[in-house]
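# what's the 3D shape of this:
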Amino acid sequence: MSSTSGLTISQIPCCTCGIYINPNPSNQCASCLATVDISSVLQRGPSGGDLTLHQCRKCRKYDRNGDGKFFTHLDPESPEMMAVLLKLIPALSGKNQQWMRRSHGVETLSLLDSMFIWTEPNSMRTRLMLTVKADINEAPRTVSIQQRCKVEFVIQWRQCPDCTRESRQRTWQAIVQLRQKRADSDGGNKGLLILELAIARNAELRKHILQVQTKKSGFDFYFPSLDKARHFCQYLAKAAPMRTKTSQSLVSEDVKNNTANIKHTVSLDMVPLCRDDLVVIDKHAKGVGRLSGRLCLVLKISTTVHLVDASPSRGSDMSTCLSDFNSDNYWRGGEKSFRLLLSSRRLIRFTVLDVEPCVVDESHRYSNDDNSVQLYEGPTSGVAKYSLADIEVARETDFGVNDETFRCVTHLGNLLNVGDTVLGYDLTSSVLSGGDEWSIENAFVNSFVMPDVVIVRKAKGTPADDGLEGDSQGKSKAKSSASKKRGRRLQKEEKKQKRLEAAAARMGLDTDKDLHLDEEAFDEDNDLIISQAMEHINIDQDLAEDLEAVERELRLLDATVVTDEGRTDES
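I've put the predicted structure just below:
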């Protein structure tokens, strides 16, 4: 054969069929090279059968690794599904399948391209078109060939672990006992409200909750595994100060197989303090700075408890009237160091008659248009939120009855004006037992003077909006003692059920379905649930600020958890 350069190329016969061809490393023609069937290598399953993709019949999740332990949602013909299918092909999985490739004469196999082939949705089949490059072992040399092969997966039903547990009446492995044990029974729901709203904002967290039960001072959450319960506890610890304890109990064990069924219990004890509580700080308490031995108000609850002096002196600096402590400081000192004196249910309404700032800042004392005092209106107003002021107040119920007024020093100097309505504690009319009075008096330092009135915050709206209005419905009286007991029992059960439904609605759970709600069902009622939660937030702006701070910390926690899970999957 002559070429354009005048040289002659010698042809050789194919070593298989004898047809004359140009020389190549395999000494074979194209037809003989095409007889190497790479598709039979790719189509071979782990046990020598067909390639299989398992799917859960109930939740429609796919088996990610083929071992039946990890199931995930996959969209048809998506990149995520393509990645899962390629991992399920043993010939492409690596060194463990070298013996199978070499038995067909294939030394190495590499994937160049992949694409889906359309199949009937009800055929329970999924087909791929793969472009592979294979090194064929033709002694004494190796020949590289490239082919396009069709691979078919058979979809078979396999129940996922989550659906298996549901069919077994939702057996649980871990329980989280969330409690806030307070001396009064009125403030418990208020302390748990911030956690309920935090759970309602996280749909991913609610998917792992199997069941919820209400208890006297909190909730019991049931989880399928201990790691999901710990993730739930770590999430809540970013919203409120709490103490965590873990215990376990042995249900059954198999000595021969070295296996055991263990139930785990995680106890979360929240600090039994709520915002606006009046607290007596013992003079021996540690971790609160200069507020030891004084009467303090709980200003805010986050990962720490923020306090402010309830009766500061006129010459005090505002920075010395603020402090905070964490849960370790509380549980180390105990209830004796942080004694709850009055809760927010004891707040009454006062009217401001006079406001006299203790420290006048001339740069922000007056506004530009007139000589009126410039108040705090936000971070951009240029005025500090809290400032000491000596104010004169009178009970709202005393107008037209008597002329009794009270003077006190408050931290709300930049928030109040004459004529405003505030909420506070009237210590002159508060009644305590003799033992409590004696222990409280011994807790204060010698220089402390008990005030007549403690101003807590500015009132908004009517007494019902401030949560000061009691129940208007009276209890019906039964005719006999048996009817009384039965009536009290029914009222208690109805009250418990209403409390459970209200708390479950705030958290985005459903009482009609064992308090387990998937993400799609929650999205349908999302507007109703969020509107109910926003009613609580709109009443108090400080609560909204606390929730925003908690959500920022929780978003950082979610990002950290997602990063850790991604590293675990890769490993």
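# Residue ranges in the stretch 251-400 of the chain under the pLDDT threshold?
360-373 (pLDDT under 70).
# if we go to 50?
The model of the stretch 251-400 of the chain has pLDDT under 50 over residues 362-371.
# which stretches of it form helices?
327-333 (DSSP state H, counting those that start in this stretch).
# quick one: contacts of the longest strand seen in the chain?
Counting residues, the longest strand found in the chain (DSSP state E) is strand 141-157. For strand 141-157, contacts defined as CB atoms under 8 Å, 6 or more residues apart in numbering pick out 24-26, 28, 33-34, 36, 38-39, 42-43, 50-57, 85, 88-89, 107, 112, 117, 124-136. Heads up, the C-betas are built off the backbone N, CA and C, glycines and all.
# Name only those of those that count as buried.
When the contacts of strand 141-157 are checked for burial by 16 or more other CB atoms under 10 Å, the buried set is 26, 28, 33, 36, 38, 42-43, 51-56, 85, 88-89, 126, 128, 130, 132, 134-136.
# ok, how many other residues are close to P357?
15 (other CB atoms under 10 Å).
# Hmm, S387 and it touching each other?
Yes. P357 lies in contact with S387 (CB atoms under 8 Å); the separation is 6.5 Å.
# any common contacting residues for the two?
With CB under 8 Å, 6+ apart as the test, P357 and S387 both reach G413.
# gap between whichever strand or helix holds K495 and the chain center?
Secondary structure from DSSP states H and E places K495 in helix 481-507. Counting by CA atoms, centre = their mean, to the nearest Å, helix 481-507 is centred 28 Å from the centre of its parent chain.
# and that helix, what does it pack onto?
Secondary-structure packing of helix 481-507 (3 or more CB pairs under 8 Å, 6 or more residues apart in numbering; DSSP states H and E): helix 188-200, strand 211-215, helix 526-539.
# got the angle between the strand or helix carrying T52 and strand 141-157?
Under the criterion of DSSP H and E, T52 resides in strand 51-55. Orientation check (axes from the mean of the first three to the mean of the last three CA atoms, to 10 degrees): strand 51-55 against strand 141-157 gives 30 degrees.
# moving C-terminal of strand 51-55, what's the next helix or strand?
Counting by DSSP H and E, the next helix or strand C-terminal to strand 51-55 is strand 62-63.
# what does that following strand rub up against?
Residues contacting strand 62-63 (CB under 8 Å, 6+ apart): 53-56, 70-74, 81, 84, 158, 160.
# Would you map the strands across the stretch 351-500 of the chain?
389-395, 406-410, 421-426, 453-458 (DSSP state E, counting those that start in this stretch).
# one step back: what mean pLDDT does the helix holding K495 get?
Averaging pLDDT along helix 481-507 gives 72.
# now stretch 70-80
Stretch 70-80 comes out at a mean pLDDT of 91.
# Show me how far that stretch is from its chain's centre.
Computed by CA atoms, centre = their mean, the chain-centroid distance of stretch 70-80 equals 25 Å.
# what about that stretch, how long is it end to end?
14 Å (CA to CA, to the nearest Å).
# From the rest of the structure, what touches it?
Outside stretch 70-80, the residues within contact range by CB under 8 Å, 6+ apart are 56, 59-64, 81, 84, 116, 121, 160-162.
# closest to I301 among these?
I301 has its nearest neighbour among these in D162, at 34.6 Å by CB to CB.
# Distance check, T265 against Q11.
82 Å (CB to CB, to the nearest Å).
# With neighbour numbers in mind, choose between the two.
T265 (15 against 11).
# Spatially nearest residue to the more buried one (excluding sequence neighbours)?
Nearest residue to T265 in three dimensions, chain neighbours excluded: S247, at 4.9 Å (CB to CB, 6 or more residues apart in numbering).
# Centre of the chain to the helix or strand encompassing the one you found, how far?
Using DSSP H and E, S247 maps to strand 242-254. Per CA atoms, centre = their mean, the displacement of strand 242-254 from the mean C-alpha position of its chain is 22 Å.
# what stretches of the stretch 401-550 of the chain score poorly on pLDDT?
Using pLDDT under 50, the stretch 401-550 of the chain drops low at 469-478, 511-529.
# quick one on the thing from earlier: format the contacts of stretch 70-80 as JSON lines; extra columns: distance to I281.
Below are the contacts of stretch 70-80 laid out as JSON lines (distance: CB to CB, whole Å):
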{"residue": "C56", "distance to I281": "56"}
{"residue": "C59", "distance to I281": "53"}
{"residue": "R60", "distance to I281": "57"}
{"residue": "K61", "distance to I281": "53"}
{"residue": "Y62", "distance to I281": "57"}
{"residue": "D63", "distance to I281": "58"}
{"residue": "R64", "distance to I281": "54"}
{"residue": "M81", "distance to I281": "60"}
{"residue": "V84", "distance to I281": "58"}
{"residue": "F116", "distance to I281": "68"}
{"residue": "P121", "distance to I281": "68"}
{"residue": "C160", "distance to I281": "53"}
{"residue": "P161", "distance to I281": "50"}
{"residue": "D162", "distance to I281": "48"}
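# Grab the nearest non-local neighbour of Q177.
Closest to Q177 by CB to CB, 6+ apart is S267, at 5.0 Å.
# Tell me how many other residues surround that neighbour.
Neighbour number of S267 under other CB under 10 Å is 16.
# cool, and F325?
Quick note: F325 (other CB under 10 Å) scores 24 neighbours.
# go on, E404?
9.
# Over to W118?
W118 has 7 neighbouring residues, counting by other CB under 10 Å.
# How about the one 3 residues further on?
P121 has 8 neighbours, counted by other CB under 10 Å.
# and it, what are its phi and psi?
Note on P121: its backbone torsions stand at phi -60, psi -30 [degrees, to the nearest 10].
# nearest spatial neighbour of it, skipping sequence neighbours?
Nearest residue to P121 in three dimensions, chain neighbours excluded: P76, at 7.6 Å (CB to CB, 6+ apart).
# which residue is nearest the centroid of the chain?
When CA atoms, centre = their mean is applied to the chain, the residue found nearest the centroid is Y235 (4.6 Å).
# Name the secondary structure element that contains it.
With DSSP H and E as criterion, Y235 is part of helix 226-237.
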